[in-house]
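**Q** What follows is a protein structure lacking sequence information:
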Ligand code: TMP
């Protein structure tokens with residue numbers, strides 16, 4: 001644990017840590033439908049972010065008092081059930097909060113939202129471990145300055161309020177602390193400057209550069225996805241990327257063979273159907289060569305920069321395809337890859353579990369096969385068997401999921417289980 005500094009940094013929630021319009025828009029639409037009012041378009045929906053609901057439904061939707069009350073009730077019901085999770089952590093925010101924590105700063109959240117919703121959002125997105133205090137409107141305070149005071153520690157030598165709206169800047173000034181206006185949120189530069197922002201930042205990265213100059217980023221993570229050709233990897237990678245992005249993890253994609261310029265050149269050689277003379281040993285070494293470059297040129301630097309490297313296949317593919325499929329042996333391929341991998345293994349590996357017959361059917365429905373995909377069914381049966389052997393040897397690392405489920409449902413399971421691992425790994 002870092003030595004405690006005497007600095008406190010307090011954040012607003014909506015528009016500063018999280019981008020909340022999706023949930024708010026969906027709940028306003030739902031409220032309009034419930035009371036039979038016309039559903040506002042996106043431009044009109046923007047107006048609803050910020051002001052109190054009671055005001056918005058009357059002023060923007062033109063509802064009378066009784067109908068507005070019903071609209072608010074419909075809004076709140078949906079919001080507390082699903083709307084508050086229809087939210088995105090701004091990219092870089094996790095890295096910022098982790099960096100502040102590692103520095104030893106005190107981190108607080110001060111928001112006009114209700115405490116219950118705020119805490120549920122922070123828990124859901126795994127941000128609570130980096131936050132020392134949360135102060136909300138319903139905690140007996142309504143003025144933003146009071147809420148900000150409530151989020152501050154008892155003593156500090158320096159404190160900053162970071163927010164995206166006028167109330168945050170005015171509140172910070174009234175509480176006697178420094179202010180930073182976040183331009184990536186919902187306010188404008190004019191609004192923030194006029195209300196007393198001392199510093200304006202265009203992006204989360206600029207906020208990190210300002211608050212933590214020269215500070216080493218926290219470690220990111222390395223993830224891989226594995227499965228037989230036809231297991232649905234591309235779809236699942238896209239769905240997982242979307243979920244990680246929503247949680248504010250900064251994803252970098254890669255694949256094997258490939259991932260680097262030299263790796264892509266090796267990939268072209270390996271997969272070219274016009275290279276039938278490649279021997280099994282040569283093939284195994286070419287995959288390992290691509291991997292050796294990938295680990296050093298891309299995987300390690302990405303993780304060191306605090307980002308999440310999500311790789312389509314890694315060493316397990318060599319063990320399954322060359323060790324199993326080509327019958328070079330599981331242990332032989334592990335030994336041959338030891339220098340390439342050099343201890344860099346994924347934090348978690350998703351295995352899309354589908355038997356080789358089902359995978360074959362899916363493959364035949366797709367594009368023209370490359371040199372590997374054109375292999376026999378017996379080959380893929382051995383690949384599958386070797387994957388099972390790997391999972392048996394390293395059950396902690398693998399996340400095995402039933403890949404015959406509908407893609408969306410499978411995507412939800414993959415995201416839930418991967419996020420659990422990532423959030424456990426980054427806890428201070
Ligand atoms: P892809 O089609 O999933 O991009 O993978 C390329 C092919 O290469 C696929 O059939 C699996 C195979 N492969 C191996 O045989 N050994 C390996 O080490 C890797 C990474 C892939």
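**A** Yes, it's here. Fair warning: this is a prediction, and the values are worked out from it, not measured in the lab.

**Q** before we move on, what SS does the residue most central in space within the chain have?
**A** In the chain, the C-alpha nearest the mean C-alpha coordinate belongs to residue 244, at 2.4 Å (CA atoms, centre = their mean). What DSSP: H, G, I helix; E, B strand; the rest coil gives for residue 244 is helix.

**Q** do the same with residue 275
**A** coil.

**Q** pLDDT at it, what is it?
**A** With respect to pLDDT, residue 275 has a value of 94.

**Q** any idea how far the ligand is from it?
**A** Counting by CB to the nearest ligand atom, to the nearest Å, the separation of residue 275 from the ligand is 13 Å. For every residue, glycine as well, the C-beta is placed using N, CA and C.

**Q** just residue 97 next, same as before
**A** Going from residue 97 to the ligand by CB to the nearest ligand atom gives 35 Å.

**Q** That residue in helix, strand or coil?
**A** Residue 97 - assigned by three-state DSSP - is helix.

**Q** wait, isn't it in contact with residue 126?
**A** No: using CB atoms under 8 Å, residue 97 makes no contact with residue 126, being 10.2 Å away.

**Q** of these two, who's got more company?
**A** residue 97 (24 against 20; other CB atoms under 10 Å).

**Q** quick one, what contacts the more buried one?
**A** 107, 127, 130-131 (CB atoms under 8 Å, 6 or more residues apart in numbering).

**Q** just these that are near the ligand?
**A** Among the contacts of residue 97, no residue sits close to the ligand (CB under 6 Å from any ligand atom).

**Q** hey, what's the closest residue in space to the residue nearest to the centre of the chain that isn't next to it in sequence bridged with?
**A** Once flanking residues are discounted, residue 244 sits nearest to residue 251: 5.0 Å by CB to CB, 6 or more residues apart in numbering. Taking DSSP bridges, one finds residue 308 as the beta-bridge partners of residue 251.

**Q** Pretty sure residue 251 sits against residue 238.
**A** No: counting by CB under 8 Å, residue 251 stays clear of residue 238, with 10.8 Å between them.

**Q** And these two? Which one has more around it.
**A** residue 251 (20 against 12).

**Q** How about the contacts made by that one?
**A** 241, 244-245, 307-310 are the contacts of residue 251 under CB under 8 Å, 6+ apart.

**Q** what's the longest helix in the protein?
**A** helix 407-426 (DSSP state H).

**Q** can you map out the strands along this protein?
**A** Applying DSSP state E to the chain gives strands spanning 7-11, 18-19, 88-89, 106-111, 133-136, 158-163, 178-182, 199-201, 221-227, 251-255, 308-312, 348-353, 398-402.

**Q** Turn those strands into CSV, columns for distance to residue 298 and mean pLDDT.
**A** Compiled in CSV, the strands of the chain are given as follows (distance: least, CB to CB, whole Å; pLDDT from 0 to 100):
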stretch, distance to residue 298, mean pLDDT
strand 7-11, 32, 98
strand 18-19, 28, 96
strand 88-89, 24, 98
strand 106-111, 31, 96
strand 133-136, 38, 94
strand 158-163, 32, 98
strand 178-182, 31, 98
strand 199-201, 29, 98
strand 221-227, 10, 98
strand 251-255, 6, 97
strand 308-312, 7, 98
strand 348-353, 17, 98
strand 398-402, 22, 98
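
**Q** now for those strands, which one comes closest to residue 290?
**A** strand 251-255 (9.9 Å; CB to CB).

**Q** Give me the buried positions along that closest one.
**A** Within strand 251-255, the residues scored as buried using 16 or more other CB atoms under 10 Å are 251-252, 254-255.

**Q** returning to what we had before: contacts for the longest helix of the chain?
**A** Outside helix 407-426, the residues that reach it (CB under 8 Å, 6+ apart) are 94, 98, 126, 129, 218, 221, 223, 232, 235-236, 239-240, 243-244, 247, 249, 308, 347-348, 350, 352, 399, 401-403, 405.

**Q** pLDDT below threshold where in the chain?
**A** 1-2, 50, 139-140, 371 (pLDDT under 70).

**Q** can you list the residues of it near the ligand?
**A** Residues of the chain lying near the ligand (CB under 6 Å from any ligand atom): 229, 255-257, 287, 312-313, 317-318, 321-322, 372-373.

**Q** Just the buried residues of stretch 329-348, please?
**A** Applying 16+ other CB under 10 Å to stretch 329-348 flags 330, 333-334, 336-337, 340-341, 344-348 as buried.

**Q** likewise stretch 125-144?
**A** In stretch 125-144, counting by 16+ other CB under 10 Å, buried: 125-128, 130-131, 134-137, 139, 141, 144.

**Q** Span of it from start to end?
**A** 24 Å (CA to CA, to the nearest Å).

**Q** what about it, distance to the chain center?
**A** Relative to its parent chain, stretch 125-144 has a centroid offset of 22 Å by CA atoms, centre = their mean, to the nearest Å.

**Q** Next: stretch 149-163.
**A** 28 Å.

**Q** go on, stretch 54-67?
**A** That offset, for stretch 54-67, works out to 36 Å (CA atoms, centre = their mean).

**Q** ok so, going back, now intersect the buried residues of stretch 125-144 with the helices, please.
**A** Using DSSP H, those in helices are residue 144.

**Q** Let me have the buried residues of stretch 125-144 in CSV, extended by distance to residue 171.
**A** Shown next, in CSV, are the buried residues of stretch 125-144 (distance: CB to CB, whole Å):
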residue, distance to residue 171
125, 24
126, 27
127, 21
128, 23
130, 22
131, 18
134, 15
135, 11
136, 13
137, 12
139, 14
141, 11
144, 3
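
**Q** And the buried residues of stretch 125-144, which is closest to residue 177?
**A** Checking the buried residues of stretch 125-144 one by one against residue 177 (CB to CB), the nearest turns out to be residue 144, at 12.1 Å.

**Q** Next one: that closest one relative to residue 179, how far apart?
**A** 11 Å (CB to CB, to the nearest Å).

**Q** what's the overlap in contacts for those two?
**A** Between them, residue 144 and residue 179 share the contacting residues residue 168, judged by CB under 8 Å, 6+ apart.

**Q** Which strand residues bridge the nearest residue to residue 346 once chain neighbours are set aside?
**A** Closest residue to residue 346 apart from its sequence neighbours, by CB to CB, 6+ apart: residue 224 at 4.3 Å. Beta-bridge partners recorded for residue 224 (DSSP bridges): residue 311, residue 349.
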